[in-house]
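Chemist: Task: produce atomic coordinates for the following.
(chains A, B, C and D)
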Protein chains: 2
Amino acid sequence: MQRRHEKSEQTRELILATALQLFVERGFFATSVHDIRRAAGLSIGSIYHHFPSKEAVARALYNDLVARMTGMVESACSGHQTVRDRSRAVAELLCQATLESPALVTFVLHARHREFLSDAPPVCSTRPFELMQEMVRDGIASGELRSMDVVSASLALFGGVIRLIQLALDGVLQRPLTDYLDEVLEAGWRAVVSE
Amino acid sequence: MQRRHEKSEQTRELILATALQLFVERGFFATSVHDIRRAAGLSIGSIYHHFPSKEAVARALYNDLVARMTGMVESACSGHQTVRDRSRAVAELLCQATLESPALVTFVLHARHREFLSDAPPVCSTRPFELMQEMVRDGIASGELRSMDVVSASLALFGGVIRLIQLALDGVLQRPLTDYLDEVLEAGWRAVVSE
DNA sequence: GTCTATAATTTGATAGAC
DNA sequence: GTCTATCAAATTATAGAC
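Modeler: Okay, here's the model as predicted:
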């Protein structure tokens, strides 16, 4: 019975992993359920046994990946005290994730979810982004960052890094992502640091 | 004969305008040619007379809008000498365009063209972005900006503003876009200014 | 140039055997 | 739980009258 459950869980994960790859490669609408079936080596029936619809696959994927990214950002934050160190840790984490699991980052950060997930909240109002904003809020309160609007400060501090990642995912960077990170991060810091 | 040509051109423009609105509202794949037909008050035959395929409509739209945005950025640049003034003019222009023609900016800046235009170059390697990068290159050469990598500097200077516009288009800003612009722009400037 | 009617495929999803 | 066979609807695109 435990065995059965594990097997079922494996199939579910296979469906999600296959769908993620195809959604990122071709987009949600250009991927049919039959494409997923073929790539996963399963049958249509099996897929519809695990998920009620194609949209439900995307929804499960979205929730799983946002949760994973939330955990990553939380652990990066908790290892440091100052905003300076925390923001660096988060930025490095995002870049590392982009290199190691581009599909994850692409789907969370780069896909237009509203186009296919009728009720998904915009990515930017999701937990990982909230954490980054809280970090900035704390930094302003403690005086480590200059006194300015929290949203503006978040954009100034992380805007460059996020754009950097978007460019990397679009494949338009000539040099490796990490070559730019330090300079962009340092610049973001100059933009918001007190004095 | 001139009249006929004008009428034909009008129909073409109507198709493009209608398609733009629907593509931005629901996305390319969630918009069928019949949706465009219905919204434009035309027949399928008329649409296929002007464009060989739905993809061709999107392609024409993409080229038209990138050209329009190129013109806007060029004229914003040409009115000023320093990078400081130019970058401000471009940022203000982008924000103004976002408010006045959100569909234009959404389609150019915010859509995943590669998903439906097989051969479209990434937006970031498009003329308006080249212009912004040239501006930064000049600023570094003249000493107005600190000596750093051109791509990193572009990201640092404009990353916040572009992210700001993305948030505005996603509808997640609580206050009007223009409320944030000055602070984000000023922060981007601190990030790259010499000294 | 614009229309209606329709062809040819593909799509998301279901039924029911095993 | 997994499979095959199949459906109904929607999709892109074409044909041919006017």
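Chemist: make it CA atoms for all contacts and neighbour counts henceforth
Modeler: Fine.
Chemist: For residue A:26, grab the count of nearby residues.
Modeler: 13 (other Cα atoms under 10 Å in any protein chain shown).
Chemist: mind listing what it touches?
Modeler: Neighbour list for residue A:26: residue B:115 [criterion: Cα atoms under 8 Å, 6 or more residues apart in numbering or on different chains].
Chemist: Next one: the helix or strand where residue A:68 lies, is it in contact with DNA strand C?
Modeler: Assigned by DSSP states H and E, residue A:68 belongs to helix A:54-78. Yes - counting by Cα under 7 Å from any atom of the strand, DNA strand C is contacted by helix A:54-78 at A:54, A:55.
Chemist: List the buried residues of that helix.
Modeler: Going by neighbour count (16 or more other Cα atoms under 10 Å in any protein chain shown), the buried part of helix A:54-78 is A:54, A:57-59, A:61-62, A:65-66, A:69-70, A:72-74, A:76-77.
Chemist: Stretch A:146-154 now?
Modeler: Quick answer for stretch A:146-154 (16+ other Cα under 10 Å): A:146, A:147, A:150, A:151, A:152, A:153, A:154.
Chemist: which residues of chain A fall in strands?
Modeler: Along chain A, counting by DSSP state E, no stretch forms strands.
Chemist: May I see the buried residues of stretch A:146-154 arranged in a markdown table, with pLDDT and distance to DNA strand C as well?
Modeler: Below are the buried residues of stretch A:146-154 laid out as a markdown table (pLDDT from 0 to 100; distance: Cα to the nearest atom of the strand, whole Å):
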| residue | pLDDT | distance to DNA strand C |
| --- | --- | --- |
| A:146 | 98 | 49 |
| A:147 | 98 | 49 |
| A:150 | 98 | 40 |
| A:151 | 98 | 37 |
| A:152 | 98 | 39 |
| A:153 | 98 | 41 |
| A:154 | 98 | 37 |
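Chemist: any idea how far residue A:185 is from chain B?
Modeler: From residue A:185 across to chain B, the span is 8 Å (Cα to the nearest Cα, to the nearest Å).
Chemist: What distance do you get for residue A:66 to residue A:127?
Modeler: According to Cα to Cα, to the nearest Å, residue A:66 stands 8 Å off from residue A:127.
Chemist: Tell me which residue in chain A sits closest to DNA strand D.
Modeler: Nearest residue of chain A to DNA strand D: residue A:45, at 3.3 Å (Cα to the nearest atom of the strand).
Chemist: how many neighbours does that residue have?
Modeler: The number of residues near residue A:45, taken as other Cα under 10 Å, comes to 10.
Chemist: what's the burial count for residue A:12?
Modeler: Per other Cα under 10 Å, the neighbour tally for residue A:12 reads 18.
Chemist: Tell me the buried residues in stretch A:176-192?
Modeler: Buried-residue list, stretch A:176-192, by 16+ other Cα under 10 Å: A:177, A:180-181, A:183-192.
Chemist: now those residues as TSV including pLDDT?
Modeler: Shown next, in TSV, are these (pLDDT from 0 to 100):
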residue	pLDDT
A:177	98
A:180	98
A:181	98
A:183	98
A:184	98
A:185	98
A:186	98
A:187	98
A:188	98
A:189	98
A:190	98
A:191	98
A:192	98
